[in-house]
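>>> Need coordinates for the following:
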Amino acid sequence: MELLVPRAHRNERPGNQPPPGSRDDGPNRRHRVDVGIGSLTLRLEPFTRGELQKVHGATVRVLERTGVRVLDPEAAKLLQAAGASYDDVSQVVRIPEGVLKSLLMQAPSRFRLYGRGPDRMLAFGEGNTYYSSMGTAVQVEDGNGGIRSPTLKDVESFYRLVDASPFLDHASWVVWPRDVPNEVVHIYEVLYGFKYSTKSLDGYNWGKQYSQDTIDMAAIVAGGREELEQRPLLLGFTNPVSPLTLAKETTEGLVAFARAGQPCIMPPECMAGGTAPSTLAGVLVQQNVEVLASIAVAQCVRRGAPVLYGSVSTVMDMRTGAVALGAPEAGLISLGAAQLARYYGIPSRGTGGNTEALSPDYQAGAESATTLLLAALAGFDFIYDVAGSLESSLSASYAKLILDGDLAGSVKRVTSGIEVSEDTLAEDVIESAGLRGSYLGHPHTLSHYRQEHFLPETFLRGARGTRDATEIRQRAERRAENLLREHSVDPPLDPAIEAKLNAFLKRALKRPPAAPLAAS
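I've put the predicted structure just below:
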């Protein structure tokens, strides 16, 4: 079975074409590491072309025979109008391969997402990998290692820390505050996001009204609905429910975001052995079905709707029944998911930096480093959960967000590769230094070391007795306190726009809830 959406038909950017020796050079290449053309990006791919075609073939057969449950009638009928079959009793939609191909070919191979800051822009599908903080934790680790409920002050603080980080490119809803009515949490999150960060933000995909609320608020900031379509400010999340279900509320949110031209991610969280097959290849087939069905819905709503092929899938710990987001298998699934996204020519989103640890300890560091490095080597366009996650992302930690910033910087340095040029080969520098020379004060060193060497803020180097002996968590907490004291959001939110957002909030506080709201 051939590639479902040929690159030539997707207007794929030439720099994204596989280099010589890549997966398209032969069916037997495995576990290959490429250096991308021009971008100097390392990439690890687990599948041969033949194996990708097997995953795709299995996906098509599941979509045609088993189908997916689509619990939003509007989305189901849109798929039916496009050529899928729909049973309104079972709510099962079955999508023939030809219909799927036609819809996936409409999904853009590249698009852009903006922050309100003039220089804040994420270019998806152009060979970049962007990092985001974790999302919607329902607990916060305090300075003493205890756990408490998040507040609006935490929402503000995490937004400001993410805004200050040079390694985080997108501002997520790190925590779900418990000191405001649940029905307006999404409005506070977007208001605070625009006020306390200049980076691109999460939107909210839960039902028609709540999704539209975040779109309307972004339109206020953008200057109107047309301006928002031209310069998208929100990133939506439409999580399929495994196995093989597109929930009503999240699908309604997907429809709303697609209509408004705001990009959406479709990230299943399949648990191998629990909500998906225990084999990783089986997980990737089921996940692929769920993602492609979601993308098909978006394209039925609006041809060319921007989407990211997503994954948060991992294994269930068969001893406890708990999700294991920090497991090595999560990283392997990431490698396969990103390669599948490239197979279809669609930008992708993965997860990395997660851990099941309850504090920023050795387990947290090991699991976060493993999952983030593998997600980065997978070649995702966007990686979520990079910073701040504890306890399978149920808890957020100020200290870990800072430590994960150093981890993110380290991983970005690894994946940037080694530049080879006349200047970096430094042949004349070696000759001028000679057999006994020193490079410490050489102009070449002074002009290159900041680009070539990653210098962590909290990780220690140097001999014992010559460095800060404070425990690493305390150093990270101290750095967070300093950043919150010193960092100013620049440019500040226009007071007139802030007033309109506050007025929107006041109106929302007076209305009855539209539907039960949940942290996503």
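
>>> Please make it C-alpha for all contacts and neighbour counts, starting now.
Will do.

>>> Residue 317 versus residue 488, what's the distance?
43 Å (C-alpha to C-alpha, to the nearest Å).

>>> Kindly report the same for residue 361.
Separation of residue 361 from residue 317 (C-alpha to C-alpha) stands at 20 Å.

>>> Same check on residue 219?
43 Å.

>>> Compare neighbour counts for the two and give me the winner.
residue 219 (21 against 16; other C-alpha atoms under 10 Å).

>>> can you pull the contacts of the more buried one?
225, 227-228 (C-alpha atoms under 8 Å, 6 or more residues apart in numbering).

>>> what about it, helix or strand, and which?
In this assignment (DSSP states H and E), residue 219 forms part of helix 207-222.

>>> and after that helix, which helix or strand comes next?
helix 225-230.

>>> Can you name the element that comes right after that following helix?
Next along from helix 225-230, by DSSP H and E: strand 234-237.

>>> quick one: strands adjacent to that following strand?
strand 200-202 (parallel), strand 264-266 (parallel) (DSSP bridges).

>>> Any chance of JSON lines for these, columns distance to residue 72, mean pLDDT and mean neighbour count?
Formatted as JSON lines, the strands paired with strand 234-237 follow (distance: least, C-alpha to C-alpha, whole Å; pLDDT from 0 to 100; neighbours: other C-alpha atoms under 10 Å):
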{"stretch": "strand 200-202", "distance to residue 72": "22", "mean pLDDT": "98", "mean neighbour count": "25"}
{"stretch": "strand 264-266", "distance to residue 72": "16", "mean pLDDT": "98", "mean neighbour count": "27"}
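
>>> could the ones you listed go into TSV alongside distance to residue 308?
Formatted as TSV, those follow (distance: least, C-alpha to C-alpha, whole Å):
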stretch	distance to residue 308
strand 200-202	13
strand 264-266	5
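
>>> Which one of these lies nearest to residue 61?
strand 264-266 (20.4 Å; C-alpha to C-alpha).

>>> In a helix, residue 467, correct?
No: counting by DSSP: H, G, I helix; E, B strand; the rest coil, residue 467 falls outside a helix, being coil.

>>> Against residue 455, how distant is it?
15 Å.

>>> what does residue 57 give?
46 Å.

>>> related to what we said a few turns ago, of all the strands paired with strand 234-237, which one comes closest to residue 442?
With C-alpha to C-alpha as the criterion, residue 442 lies closest to strand 200-202 of the strands paired with strand 234-237, at 40.3 Å.

>>> Pull the residues that contact that closest one.
113-116, 120-121, 169-173, 190, 193-194, 233-237.

>>> do stretch 84-100 as well
60, 63-71, 76-77, 79-80, 82-83, 292, 296.

>>> out of those, which are inside strands?
Among those, the residues falling in strands (DSSP state E) are 68-70.

>>> Using CSV, lay out these together with distance to residue 325 and neighbour count.
Rendered in CSV, the data for those read as follows (distance: C-alpha to C-alpha, whole Å; neighbours: other C-alpha atoms under 10 Å):
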residue, distance to residue 325, neighbour count
68, 25, 25
69, 26, 24
70, 26, 29
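
>>> which among those residues gets closest to residue 378?
Out of the ones in strands among the contacts of stretch 84-100, the member with the shortest distance to residue 378 (by C-alpha to C-alpha) is residue 68, at 27.3 Å.

>>> how much space is there between that closest one and residue 246?
Going from residue 68 to residue 246 by C-alpha to C-alpha gives 7 Å.

>>> go on, residue 341?
Look at residue 341 and residue 246: by C-alpha to C-alpha, they are 19 Å apart.

>>> Just want to know which of those two has more residues nearby.
Just comparing residue 341 and residue 246: by other C-alpha under 10 Å the higher neighbour count belongs to residue 246, 27 against 22.

>>> residue contacts, the closest residue to residue 273 other than its chain neighbours?
Leaving aside its sequence neighbours, residue 273 sits nearest to residue 316 (C-alpha to C-alpha, 6 or more residues apart in numbering; 6.0 Å). Applying C-alpha under 8 Å, 6+ apart to residue 316 gives the contacts 271-274, 322-324.

>>> Tabulate those (JSON lines), appending distance to residue 163, pLDDT and neighbour count.
Shown next, in JSON lines, are the contacts of residue 316 (distance: C-alpha to C-alpha, whole Å; pLDDT from 0 to 100; neighbours: other C-alpha atoms under 10 Å):
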{"residue": "271", "distance to residue 163": "32", "pLDDT": "98", "neighbour count": "26"}
{"residue": "272", "distance to residue 163": "35", "pLDDT": "98", "neighbour count": "25"}
{"residue": "273", "distance to residue 163": "38", "pLDDT": "98", "neighbour count": "17"}
{"residue": "274", "distance to residue 163": "37", "pLDDT": "98", "neighbour count": "17"}
{"residue": "322", "distance to residue 163": "33", "pLDDT": "97", "neighbour count": "14"}
{"residue": "323", "distance to residue 163": "30", "pLDDT": "97", "neighbour count": "21"}
{"residue": "324", "distance to residue 163": "29", "pLDDT": "98", "neighbour count": "23"}
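
>>> Out of these, list just those in helices.
Secondary structure defined by DSSP state H assigns none of these to helices.

>>> Dump the residues you listed into JSON lines; add distance to residue 474 as well.
What follows is these, written out as JSON lines (distance: C-alpha to C-alpha, whole Å):
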{"residue": "271", "distance to residue 474": "35"}
{"residue": "272", "distance to residue 474": "37"}
{"residue": "273", "distance to residue 474": "39"}
{"residue": "274", "distance to residue 474": "38"}
{"residue": "322", "distance to residue 474": "30"}
{"residue": "323", "distance to residue 474": "29"}
{"residue": "324", "distance to residue 474": "27"}
